[in-house]
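Engineer: Sequence and computational prediction follow.
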Amino acid sequence: MIGTTMRVNRIAFAVMALSALALGGCSYLPTAFGGSVAKPNLPAAAGAVAVTPAWSVSLGGSQLAALLPAIADGKVYAAHQDGTLIVVDEKTGAQNARWSLPQGAGRVSGGVGVGSGLVVVSTQKAEVFAFDSASVSGAPKWRVRIPTESIVPAAIADGVVVVPMIDGNIVGLDAATGARKWTVQRQIPSLTVRTGSVPLATRGGVFIGTPTGRMLAVDLATGAIGWEATVANPKGASELERLIDVAGRPSVDAERTCASAYQGRVACFDIQRGTPLWSRDIGSISGTVLDEKHVYVTDDKGVAYALDRATGGTMWKQELLATRVATAVALVGGNYLVLDNEGNVHSLDKATGRIVGRTLGSTKVVGGFTQGNGFAYAITAAGQLVAFGAR
């Protein structure tokens, strides 16, 4: 097994390598790393749907970290990189609670996870902090150190806090005490996209993608791998060409779980056995979302698709956003929202794919969307928690 220090150094080397490419005047970088290509003018919106903030609440100053909000029991939970956490009413934005990490805890890097009566965040110092979700204010219920940093929200269910780490390993912590219950050990490539797969806990398991293009179903109680399936295989000669991280949120219904890989494919698997149901050569870093008919995905170039949930067949394809790289997606009512890397939120009619509205990047989002109850919740670069609606 490769030691923890070496794993972290490999990740650091990957980041430095990308920085060197940028400083060296290279004309192309994968857009997942902030590279860009020439963009055409914004296509006209063919409808009158307004994508607007229904409410916003200040978390603090400028926000750089890509921290996803969480929703549970009619509340939205969000964190600022400086260690501030807030709890607000999901419909009105009225603040219910505000907490702070202890002084010296470091920058928040992974958040927010909610479940089993806890609100959980992790820090760049490789610590996990858990607050009682019913508390109005006060100290963390527990804090524990983990082997390496986490940059995605924890998944919490059935008394277990699941924390994926940047070294590729996954730990399961006891929700009551923070004690480690199990560890899943995985190796990672020398170069990865620094935007992990968000774990999703349901039905006694947790579903999570890996930087090697795989999808895992892990038993919450024991950490045993129930199944492992391939979303994508690496292609190309260079390490950049062979990046196939499964990123963003997977999506789950009663029968299937679906995920997408950067420069790879979108695929759906039987939720019980992990057997492939279908796959398409559509690479994406923003993940998938499901409704009762379709799987929605936007590829690495910004082309949006609605795919038949059962077969993977194309129901519609929207190419007008090509080169406007999608960094987040969500379903809000009858609309499929696509956030591009300039901070614009585009609203597509989910039945036809027509662009029916947008909001421009004056409220630029960092991180991505958390969808639920008629809104897409996000955190902006100005440090605002925002509920986006489409009407």
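Structural biologist: Happy to help now that I have it. Numbers count the residues shown, from 1 in each chain.
Engineer: pLDDT weak spots in this protein?
Structural biologist: 1-40, 194, 362 (pLDDT under 70).
Engineer: in it, which residue is closest to the centre?
Structural biologist: Geometric centre of the chain, nearest residue: residue 248, 3.8 Å, by CA atoms, centre = their mean.
Engineer: Secondary structure class of the residue nearest to that one when sequence neighbours are not counted, three-state.
Structural biologist: Nearest non-adjacent residue to residue 248, counting by CB to CB, 6 or more residues apart in numbering: residue 287, 2.4 Å away. The C-beta positions use only the backbone N, C-alpha and C, and glycine is treated the same way. At residue 287 the chain is in coil, as set by DSSP: H, G, I helix; E, B strand; the rest coil.
Engineer: and residue 287, what does it touch?
Structural biologist: By CB atoms under 8 Å, 6 or more residues apart in numbering, residue 287 lies in contact with 198, 247, 248, 249, 250, 251, 259, 260, 297, 329, 368.
Engineer: In strands, which of these appear?
Structural biologist: Using DSSP state E, the members of those that fall in strands are 251, 259, 260, 297, 329, 368.
Engineer: Quick check: the residue nearest to the centre of the chain touching residue 285?
Structural biologist: Yes: Residue 248 is within contact range of residue 285, at 6.2 Å (criterion: CB atoms under 8 Å).
Engineer: what is in contact with the two at once?
Structural biologist: Contacts common to residue 248 and residue 285, judged by CB under 8 Å, 6+ apart, are 195, 260.
Engineer: For the residue nearest to the centre of the chain, give the beta-bridge partners.
Structural biologist: Here residue 248 sits in beta bridges with residue 197, going by DSSP bridges.
Engineer: What residues does it make contact with?
Structural biologist: 195, 197-198, 259-260, 284-288, 328-329, 368.
Engineer: Quick check: of these, which lies closest to residue 243?
Structural biologist: residue 285 (9.7 Å; CB to CB).
Engineer: how near is residue 188 to residue 150?
Structural biologist: Per CB to CB, to the nearest Å, residue 188 is found 14 Å from residue 150.
Engineer: More neighbours: which of these two?
Structural biologist: residue 150 (27 against 19; other CB atoms under 10 Å).
Engineer: tell me which element the more buried one is part of?
Structural biologist: Remark: residue 150 resides in no helix or strand, with elements defined by DSSP states H and E.
Engineer: Surely it touches residue 162?
Structural biologist: No: counting by CB under 8 Å, residue 150 stays clear of residue 162, with 10.1 Å between them.
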